[in-house]
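Undergrad: kindly generate the corresponding structure for this input.
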Amino acid sequence: MKKTILFGSLLAVAACGITSCSDDPDPFGGDAVKLEYNEGNARQWGNYMAHTALLLKNDAETLYNQWATQYTKHENGQDVAQGGSYATFFKNHDARTGYGDVDNCIQEMVEKMGEIANEVGSAKIGDPYQKWKDGDEDNAVLAVESWYSWHSRDDYTNNINSVRNAYYGTRDVYTADSVAPNSLAHAMSVANPALDRKVRDCIWKAKDAIQAIVQPFRSHIGSDQTVVAMEACEKLQKILGEIETDEEQKGGEATNLKDEAIKLDDATKQAIINNFVDNIVVPTYRELAEKNAALYNTVLAFQANPSNDGFEACAQAWLAARQPWETSEAFLFGPVDELGLDPNMDSWPLDAEGIKNILKSEKWADITQKGDDGNVTESAQNVRGFHTLEFLIFKDGKARTVK
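TA: Residues are numbered from 1 along each chain as shown. This next block holds a predicted model:
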């Protein structure tokens, strides 16, 4: 998730609380956060859903193709094909990826696992918690990722699952023995069994602690369970190893996965990297592309024939498309970072006032504006992606209804 700072501009829309300020007859009137689908804005609403879903589909396809087919770099104002897939270049430690040897690759792999564990605990859960404790309850709710769908807990759990997948070397088979032969988990079970047990234990405890927060998280931000979940994520980050955030450097345990993984022999590290790329990263991005294509088609069907069943179908398709994204967040490096695809698809918090303005104006160019680096601008990223589509599909944890 790319986190942006919009709380100053959101104070006005939060001033009336999370309930609507008035029954404004203007189809675009009232509190932007509580904007309703209605007869007066139905056409624009469906159009916005379709444009946003198309961008998600395209970004997901781009990400998969970069890893699986053709890696491109933005050079001198142009996208330049590099003559092979990012998957191949990363496995071969090609300097064009920025990872010039096997140690660089294995280190980045573990660091990204630690970074998402930290982000879940200190930002995704921690930021709303701190605002709540500071008495800023409106903005605490607005800081909760995926609060329109009430999918926050599952988002965060899937982020921890992404750590689990990277460590176990297998995808979405969540049993104690579902470990790939060429995985960090298997290698550590031989090289340092005590550390392996600690890593596994911290992964599962973080998942369990997040799921123990009473649903929905937006209504239980200040709970004791929230504190336990933050602490569990911190322990997971520390056992994975030292990381560096935009604000600070966070240390690891004296014995941690990052340090111990480097000590493995080169052949073992190479086998781990190959399995990670071929059986975790590429299949996850393939599923992301497939699920977002299905989401787009579902949205088009709703646009053509709006109905309550159509909204429900869109909600289910959104949840399905969201899952592979959240389980990819332990490897947010390479094209997803270089091409700005993370903020394109997953910026939070969204700009509710901006969304309302685009609904009214139908200036679709505002969600595709690019800067000098060839990437989409931050202002455009805040009014597109998963969370804009979530806003348009969900209300209070359920699919919206046709008025």
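Undergrad: where does the stretch 151-300 of the chain have low pLDDT?
TA: 176 (pLDDT under 70).
Undergrad: 80 - rerun?
TA: The model of the stretch 151-300 of the chain has pLDDT under 80 over residues 172-177.
Undergrad: the stretch 1-150 of the chain now?
TA: For the stretch 1-150 of the chain (pLDDT under 80), the answer is 1-25.
Undergrad: from start to finish, how long is stretch 177-194 in a straight line?
TA: In stretch 177-194, first residue to last residue: 16 Å (Cα to Cα, to the nearest Å).
Undergrad: chain center to the helix or strand where residue 237 lies: distance?
TA: Using DSSP states H and E, residue 237 maps to helix 224-240. Centroid displacement of helix 224-240 relative to its chain, using Cα atoms, centre = their mean, to the nearest Å, is 19 Å.
Undergrad: same question for stretch 259-267.
TA: That offset, for stretch 259-267, works out to 29 Å (Cα atoms, centre = their mean).
Undergrad: quick one: the strands in the stretch 51-200 of the chain?
TA: 72-75, 78-81 (DSSP state E, counting those that start in this stretch).
Undergrad: wait, the stretch 301-403 of the chain
TA: In the stretch 301-403 of the chain, the strands defined using DSSP E, counting those that start in this stretch lie at 347-348, 394-395, 398-399.
Undergrad: worst mean pLDDT among those strands?
TA: Note on the strands of the stretch 301-403 of the chain: strand 347-348 shows the lowest mean pLDDT, a mean of 92.
Undergrad: please name every helix or strand in contact with that strand.
TA: In terms of contacts (3 or more Cβ pairs under 8 Å, 6 or more residues apart in numbering; DSSP states H and E), strand 347-348 is packed against strand 2-3, helix 385-393. Any C-beta I mention is one placed from the backbone N, CA and C, and that applies to glycine too.
Undergrad: looking at the strands of the stretch 301-403 of the chain, which is buried most?
TA: Of all those, strand 347-348 has the most neighbours on average by mean count of other Cβ atoms under 10 Å, namely a mean of 24.
Undergrad: hmm, back to that, list the buried residues in the helix holding residue 237.
TA: By neighbour count on 16 or more other Cβ atoms under 10 Å, the buried set for helix 224-240 is 226, 228-230, 232-240.
Undergrad: try stretch 94-108
TA: Judged by neighbour count (16+ other Cβ under 10 Å), stretch 94-108 contains these buried residues: 94, 97, 99, 102, 105-108.
Undergrad: in helices, which of these fall?
TA: When DSSP state H is applied, these are split such that 102, 105-108 fall in helices.
Undergrad: and of those, the nearest to residue 334?
TA: Closest approach to residue 334 among those (Cβ to Cβ): residue 108, at 9.1 Å.
Undergrad: tell me the contacts of residue 266?
TA: Counting by Cβ atoms under 8 Å, 6 or more residues apart in numbering, residue 266 touches residue 102.
Undergrad: repeat the analysis, applying 10 Å as the threshold.
TA: Going by Cβ atoms under 10 Å, 6 or more residues apart in numbering, residue 266 touches 101-103, 106.
Undergrad: helices along the stretch 201-350 of the chain, start to end?
TA: With helices called from DSSP state H, counting those that start in this stretch, the stretch 201-350 of the chain shows them at 224-240, 257-262, 266-276, 282-304, 308-326, 335-338, 341-346.
Undergrad: burial measure for residue 173, as a count.
TA: Look at residue 173: counted by other Cβ atoms under 10 Å, it has 10 neighbours.
Undergrad: same question for residue 250.
TA: 17.
Undergrad: noted, bye for now.
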